[in-house]
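J.: Let's see this in three dimensions:
(chains A and B)
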2 protein chains.
Amino acid sequence: MEQVENKQVILKRYAVEAPKETDMEIKIGKVKLKAPKGSGAFLVKNLYLSCDPYMRGRMRDFHGSYISPFVPGQPIQGFGVAKVVDSDNPDFKPGDMVAGITGWEEYSLIDKTLQLRKIQPDSDIPLSYHVGLLGMPGFTAYAGFYEVCSPKKGEHVFVSAASGAVGQLVGQLAKLHGCYVVGSAGSSEKVDLLKNKLGFDEAFNYKEETDLDAALKRLNILDLILGVGLYMKFSISSELWAQSTITKGVYFPEGIDIYFDNVGGPMLDAALLNMRVHGRIAVCGMVSQHGFYDPQGIHNLYFMIPKRVRMQAFLQTDYLHKYAEFLDHVIRNYKEGKIVYVEDMNEGLESAPAAFVGLFSGKNVGKQVVCVAQE
Amino acid sequence: MEQVENKQVILKRYAVEAPKETDMEIKIGKVKLKAPKGSGAFLVKNLYLSCDPYMRGRMRDFHGSYISPFVPGQPIQGFGVAKVVDSDNPDFKPGDMVAGITGWEEYSLIDKTLQLRKIQPDSDIPLSYHVGLLGMPGFTAYAGFYEVCSPKKGEHVFVSAASGAVGQLVGQLAKLHGCYVVGSAGSSEKVDLLKNKLGFDEAFNYKEETDLDAALKRLNILDLILGVGLYMKFSISSELWAQSTITKGVYFPEGIDIYFDNVGGPMLDAALLNMRVHGRIAVCGMVSQHGFYDPQGIHNLYFMIPKRVRMQAFLQTDYLHKYAEFLDHVIRNYKEGKIVYVEDMNEGLESAPAAFVGLFSGKNVGKQVVCVAQE
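T.: The predicted structure is shown next:
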């Protein structure tokens, strides 16, 4: 059996804080395009690879988490879309398209099919969406919003990292649910996307805000403009508040019902000051933190008490029984033009380390994907 | 109508950090022992006054909370047990006993009956229990444990400030529910109480622990003693762990299902490191913090994610529809000797400021009450 070259992204060493490109290296290996007899495995050609923030946890030498670390000297692993080349597994045959955990390399031998699914190519849906809109990030948005946030029509929803793989769908689901939705992001390009393409009611660039608390509230500025005191403001209708957008923005004059937290850190602290009674915070990721330990700390937890706030952390894997329902809901709305999805596509496996590292400085605009091969 | 002297505890000035005795002063006023005609009010003689940590919030010049601040120059207000002396309210007549919000003074004119209830003297139950076991703190324990913590039989429950007004009942309810219960407190006297009178499985003095995380876990020491590695420990039964209490204590080798948090701060941070999958944290109070803002900060929120922890803040006032059920449950168990209650009783109204201030250094052993008059 002939061997072919197999370009790979190898973990060189564990990352200490934020992952660096030099923690990874490109190597050229060799692979037989054959699944060993009796292995139950199948060999795939990788087409699209997903860069996801949770992978940082696997870059560390820490074994106490819900997922094991990568192995130095071995290829990085992550979600991908791939085409079966050869198979010793009766459920998968050559030509099948799959989405699930694969290696950061041209060809991978897959012997674990946990959360791996066969996908039907659909000319209306880009293949790469199976690691984004229709993959783990999309499902995280769906499960987090519907199962964790208990949303009600008309509620006020705040999403951080809102143009990211998860955030952009959370905001659109919330809009479809009849909520008022504001997103934060880290550049004016992303803010434009949120407002003009993704349908958020408002969006702001957190890097331009010196006071995140004020950014969420904008009460003081409005108090001055409208010339009203503390008491009067309670008798002003929300319509009037909504009209008075003379300032940079009026985001949550009446507070936040749902905060979908993708970042932790100072944004979480600011949101805690602005939650409404019985507000909910879905703790999805803490991408602002480079370690498990947050050196800056969260200082406003006290404010959960008067507002009876529920803060709920979750993993999408607890809700996999909802996956079919999710696909149905999102595909239908996507085909009706009610949901869009923004990807940031890098070309070539060698671009993967930079694409991954870029997640942690917010370089990507939309869901970060790496195209290894078109087919 | 003759006037009588009315000794009062007056708020002299708003407290800045922890309340001090000098923020209050004793004054002798005058009062007519008569409820004004047409006022709908009633005049009571105060018997027992309750010192509760939430009152610190009312000592501050901050109007944004769920309860308004005290008024400087006016008596402190709080829960108390009182006897009606004269009434212009048809629902209350002289001789009736009531429990609810009253003034820190010998006689009070009451015109608000929100969360005030008439009580039936019962020779088996000390009158003062109506501001403790059967009052707001007891109900906080009941609502917090049953409605917020969603307890299941056999779960592992940790309670901080465990000998306090709320904590001591949480622990006993958890034991009655079939849970394993550990409490923390701030003196060896309190630890003795927890273990020998209140029926906790284990208790420890947090002031003697240099590493709260290790105190909750005690895994490393046990690993050494038992000579087992990381993997073997999962195959050791909980019985064996429970037997191996050669060290200072084996509190949560398998982690915490429910943390009933009365203190916030470093104990919350340590608990976050030791939660089990789908663990719940009831945020009841943050008595360790002297301000709304926690300058030290909470650093371990990340750990909520792999364990999918729910952190829920609450106020007992949201559950008042359960009050009758609560009274029934607690009175029945108390009369059957299955629940006990520890009070710290100060004698005389002039002792109230010191008693209240003592809460914040943990001076009280059990629920802090001030006896103004026996009848």
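J.: Tell me the helix or strand right after the helix or strand harbouring residue A:100.
T.: Secondary structure assignment for residue A:100, by DSSP states H and E: strand A:97-103. The helix or strand immediately downstream of strand A:97-103 is strand A:107-110, counting by DSSP H and E.
J.: Using PDB, write down the CA coordinates of that following strand.
T.: The C-alpha trace of strand A:107-110 is given here as PDB (Å, rounded to 0.1, in the frame of the first residue of the first chain):
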ATOM      1  CA  TYR A 107      -5.600  12.700   6.800                       C
ATOM      2  CA  SER A 108      -6.800  11.200  10.100                       C
ATOM      3  CA  LEU A 109      -7.600   7.800  11.300                       C
ATOM      4  CA  ILE A 110     -10.700   8.100  13.400                       C
END
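J.: Which secondary structure elements does it sit against?
T.: If you count contacts as 3 or more C-beta pairs under 8 Å, 6 or more residues apart in numbering or on different chains; DSSP states H and E, strand A:107-110 packs onto strand A:42-50, strand A:77-87, strand A:97-103. Using the backbone N, CA and C atoms, a C-beta is placed for each residue, glycine as well.
J.: Give me the neighbour count for the nearest residue to residue A:255 once chain neighbours are set aside.
T.: Spatial nearest neighbour of residue A:255, chain neighbours left out: residue A:276 (3.7 Å); criterion: C-beta to C-beta, 6 or more residues apart in numbering or on different chains. By other C-beta atoms under 10 Å in any protein chain shown, 17 other residues sit near residue A:276.
J.: is any part of stretch A:279-292 close to chain B?
T.: Yes. Counting by C-beta under 8 Å from any C-beta of the partner chain, chain B has neighbours in stretch A:279-292: A:283-286, A:289, A:292.
J.: buried ones in that stretch?
T.: For stretch A:279-292, a neighbour-count test (16 or more other C-beta atoms under 10 Å in any protein chain shown) marks A:279-290, A:292 as buried.
J.: again with stretch A:194-210
T.: So for stretch A:194-210, counting by 16+ other C-beta under 10 Å, buried means A:194, A:198-206, A:209.
J.: quick one: which two of those are the most distant?
T.: Pairwise distances across the buried residues of stretch A:194-210 (C-beta to C-beta) peak at 22.2 Å, for the pair A:199 and A:209.
J.: Return the residues of chain A in contact with chain B.
T.: Near chain B, when you scan chain A using C-beta under 8 Å from any C-beta, you find A:65-66, A:230, A:264, A:268, A:283-286, A:289, A:292-315, A:318.
J.: Kindly report the domain assignment for chain A.
T.: Domain assignment for chain A by automatic domain parsing gives A:3-132+A:342-371, A:136-318.
J.: of all those, which gets the most neighbours per residue?
T.: Counting by mean count of other C-beta atoms under 10 Å in any protein chain shown, domain A:136-318 has the highest mean neighbour count of these, with a mean of 20.
J.: Pull the contacting residues for residue A:112.
T.: Taking C-beta atoms under 8 Å, 6 or more residues apart in numbering or on different chains, we find residue A:112 in contact with residue A:101.
J.: Is it located within a helix, as I assumed?
T.: No. Applying DSSP: H, G, I helix; E, B strand; the rest coil, one finds residue A:112 to be coil, outside a helix.
J.: From residue B:2, how far off is it?
T.: Separation of residue A:112 from residue B:2 (C-beta to C-beta, to the nearest Å): 88 Å.
J.: and what of residue A:114?
T.: Taking C-beta to C-beta as the measure, residue A:114 falls 84 Å from residue B:2.
J.: ok, now how distant is residue A:257 from chain B?
T.: Distance from residue A:257 to chain B, counting by C-beta to the nearest C-beta, to the nearest Å: 15 Å.
J.: in what helix or strand does that residue lie?
T.: Applying DSSP H and E, one finds residue A:257 within strand A:256-261.
J.: what's the average pLDDT for the helix or strand following that strand?
T.: Using DSSP H and E, the helix or strand that follows strand A:256-261 towards the C-terminus is helix A:265-272. Mean per-residue pLDDT for helix A:265-272: 96.
J.: Could you tell me the angle between the following helix or strand past helix A:265-272 and strand A:256-261?
T.: For helix A:265-272, the following helix or strand on the C-terminal side (DSSP H and E) is strand A:275-283. Using axes from the mean of the first three to the mean of the last three C-alpha atoms, to 10 degrees, the inter-axis angle of strand A:275-283 relative to strand A:256-261 is 20 degrees.
J.: What helices and strands are in contact with whichever helix or strand comes after strand A:275-283?
T.: Downstream of strand A:275-283, the first helix or strand assigned by DSSP H and E is helix A:304-307. Judged by 3+ C-beta pairs under 8 Å, 6+ apart, helix A:304-307 is in contact with strand A:275-283, strand B:310-313.
J.: could the ones you listed go into JSON lines alongside distance to residue A:179 and mean pLDDT?
T.: Shown next, in JSON lines, are the helices and strands packed on helix A:304-307 (distance: least, C-beta to C-beta, whole Å; pLDDT from 0 to 100):
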{"stretch": "strand A:275-283", "distance to residue A:179": "12", "mean pLDDT": "97"}
{"stretch": "strand B:310-313", "distance to residue A:179": "22", "mean pLDDT": "98"}
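J.: Take the ones you listed and lay them out in JSON lines including distance to residue A:258.
T.: What follows is the helices and strands packed on helix A:304-307, written out as JSON lines (distance: least, C-beta to C-beta, whole Å):
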{"stretch": "strand A:275-283", "distance to residue A:258": "5"}
{"stretch": "strand B:310-313", "distance to residue A:258": "15"}
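J.: out of those strands, nearest to residue A:144?
T.: strand A:275-283 (4.8 Å).
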